[in-house]
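S.K.: build me a model:
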Amino acid sequence: MHSSLRELPYATAKSLRTLGKLRAEPEDFRVDEVPAYLPGGQGEHLFVHFEKRALTTRDAVERLASALGASPRDAGFAGLKDKHAVTTQWASFAGADAQAALGLVLPGIRVLAAARHGNKLRTGHLRGNRFAIRIRGAGQDPSVARTILGELARIGAPNYYGEQRFGIAERNLSRARAWVLEGGRPPRDRFERKLLFSALQSALFNRWLGQRIDDGLYERVLVGDWLRKEDSGGMFLATEVPDAERRMRDWEISPTGPMFGAKLRWAEGDAGERDRAVLAAEGIDFETLAANAKYGEGTRRAARVRPGDFHVEVEPDALLVSFELPSGAYATMVLRELLKQELDSPET
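M.R.: Sure, this is the predicted structure:
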């Protein structure tokens with residue numbers, strides 16, 4: 001099995017391509033977290049809004065916690081942001097002082113705001129992320145980039161998992177196969193076991209989605225598909241295909257693909273046959289899923305993601321592309337469609 005994006009199809013025409021180079025400087029890749037809510041002003045947790053440069057989220061949060069005299073174990077953040085970028089996000093620290101936070105001067109970190117809140121900030125407590133990405137050497141013509149982004153706003157970018165999900169040179173995936181599929185010794189650490197099983201789930205999802213695009217079904221609904229409501233996240237089985245495809249075009253719903261596990265909601269009919277075929281092709285049976293349920297119970301992931309509020313600005317010898325994505329989506333999947341080349345996935 002291969003998870004490499006080099007083997008997976010694009011959603012837009014391969015002939016549509018923006019030429020240029022990414023990440024010449026950290027400032028060329030900017031990520032601004034869009035929070036699900038703002039701190040209310042009272043409570044035992046201090047929410048700190050900060051900008052970081054050339055640091056991982058975990059490193060930045062540890063430095064902030066140390067400077068504030070707070071426990072890094074009790075700190076919270078909604079999501080990880082890329083190290084090789086300039087990013088902004090919120091983090092929470094139990095019992096920390098707002099004025100102390102506002103007065104901090106730390107290398108690579110700038111505190112933007114601080115306010116108290118009643119609960120700890122937890123993973124997933126964000127609406128999405130806003131990206132501003134500079135493509136250098138792209139020339140002055142923004143028309144191709146605008147055409148591709150317009151098409152992605154219409155049909156959605158494939159919601160593939162990025163390369164970082166699988167580790168350097170796909171080592172996490174190789175180790176997962178050796179353990180889960182070939183009967184090798186599992187890692188001792190529970191977190192590592194979950195990480196490796198997640199890599200296997202993600203690779204299978206990518207394969208499912210790639211086959212869907214290859215077979216001309218990316219913009220179609222199949223009887224038995226689990227469809228996700230864009231506004232609420234609720235899911236239902238497809239029975240009336242014409243009406244479902246109209247709602248799909250209107251971005252009311254999107255098809256979902258399997259993140260295989262013992263408690264997966266299996267698709268039915270033709271869609272269910274496709275789910276089972278992906279699993280069978282890799283030699284995985286239901287007993288294997290049940291045996292590893294504690295490392296990944298199974299869920300469904302939207303097949304596509306819509307870049308919102310996109311803009312393309314012309315700069316001297318560069319294009320500045322900006323767009324917003326919901327949480328859990330990879331900006332590199334949009335950039336992959338723009339550049340028609342493979343990219344290292346950011347940490348988000």
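S.K.: pull out the buried positions in the lengthiest helix in the chain.
M.R.: Assignment by DSSP state H gives helix 190-214 as the longest helix of the chain. Within helix 190-214, the residues that count as buried by 16 or more other Cβ atoms under 10 Å are 193, 195-213. (C-beta placed from N, C-alpha, C; glycine too.)
S.K.: for stretch 100-111, same thing?
M.R.: Neighbour-count burial for stretch 100-111 [16+ other Cβ under 10 Å]: A101, L104, I109, V111.
S.K.: also stretch 236-246?
M.R.: By neighbour count on 16+ other Cβ under 10 Å, the buried set for stretch 236-246 is L237, A238, A244.
S.K.: check stretch 30-40 too.
M.R.: Judged by neighbour count using 16+ other Cβ under 10 Å, the buried positions of stretch 30-40 are R30, V31, D32, E33, V34, P35, P39.
S.K.: now do the host helix or strand of the first one: which elements does it pack against?
M.R.: To tie it back to what came earlier, the one meant is R30. Using DSSP states H and E, R30 sits in strand 29-35. Helices and strands touching strand 29-35, by 3 or more Cβ pairs under 8 Å, 6 or more residues apart in numbering; DSSP states H and E, are strand 86-94, strand 126-136.
S.K.: tilt between the longest one and strand 29-35?
M.R.: In this case it means strand 126-136. Strand 126-136 runs at 170 degrees relative to strand 29-35, counting by axes from the mean of the first three to the mean of the last three Cα atoms, to 10 degrees.
S.K.: for the helix or strand following strand 126-136, list the C-alpha coordinates in PDB.
M.R.: Once the chain leaves strand 126-136, the next helix or strand it forms, by DSSP H and E, is helix 143-155. This file holds the C-alpha atoms of helix 143-155, laid out as PDB (Å, rounded to 0.1, in the frame of the first residue of the first chain):
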ATOM      1  CA  SER A 143      -5.200  34.100 -13.500                       C
ATOM      2  CA  VAL A 144      -4.200  30.400 -13.300                       C
ATOM      3  CA  ALA A 145      -4.200  30.500  -9.500                       C
ATOM      4  CA  ARG A 146      -7.500  32.200  -9.400                       C
ATOM      5  CA  THR A 147      -9.000  29.700 -11.900                       C
ATOM      6  CA  ILE A 148      -7.800  26.700  -9.700                       C
ATOM      7  CA  LEU A 149      -9.000  28.300  -6.500                       C
ATOM      8  CA  GLY A 150     -12.300  29.100  -8.100                       C
ATOM      9  CA  GLU A 151     -12.700  25.400  -9.200                       C
ATOM     10  CA  LEU A 152     -11.800  24.200  -5.700                       C
ATOM     11  CA  ALA A 153     -14.400  26.600  -4.200                       C
ATOM     12  CA  ARG A 154     -16.900  24.900  -6.600                       C
ATOM     13  CA  ILE A 155     -16.000  21.200  -6.100                       C
END
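S.K.: from the contact counts, what lies against helix 143-155?
M.R.: When contacts are defined as 3+ Cβ pairs under 8 Å, 6+ apart, helix 143-155 packs onto strand 308-315, strand 318-326, helix 331-339.
S.K.: gap between the first one and the chain center?
M.R.: In this view, strand 308-315 has its centroid 21 Å away from the chain centroid, taken as Cα atoms, centre = their mean, to the nearest Å.
S.K.: tell me the strands beside that strand, with direction?
M.R.: Sheet pairing for strand 308-315, assigned by DSSP bridges, gives strand 318-326 (antiparallel).
S.K.: contacts for the strand it pairs with, please.
M.R.: Outside strand 318-326, the residues that touch it by Cβ atoms under 8 Å, 6 or more residues apart in numbering are 18, 20, 34, 127-139, 142, 145, 149, 305, 307-314, 331, 334-335, 338.
S.K.: also stretch 330-339?
M.R.: Under Cβ under 8 Å, 6+ apart, the answer for stretch 330-339 is 5, 10-12, 17-20, 22, 31, 129, 131, 133, 135, 145, 148-149, 152, 157-163, 305, 307, 321, 323, 325, 342-346, 348.
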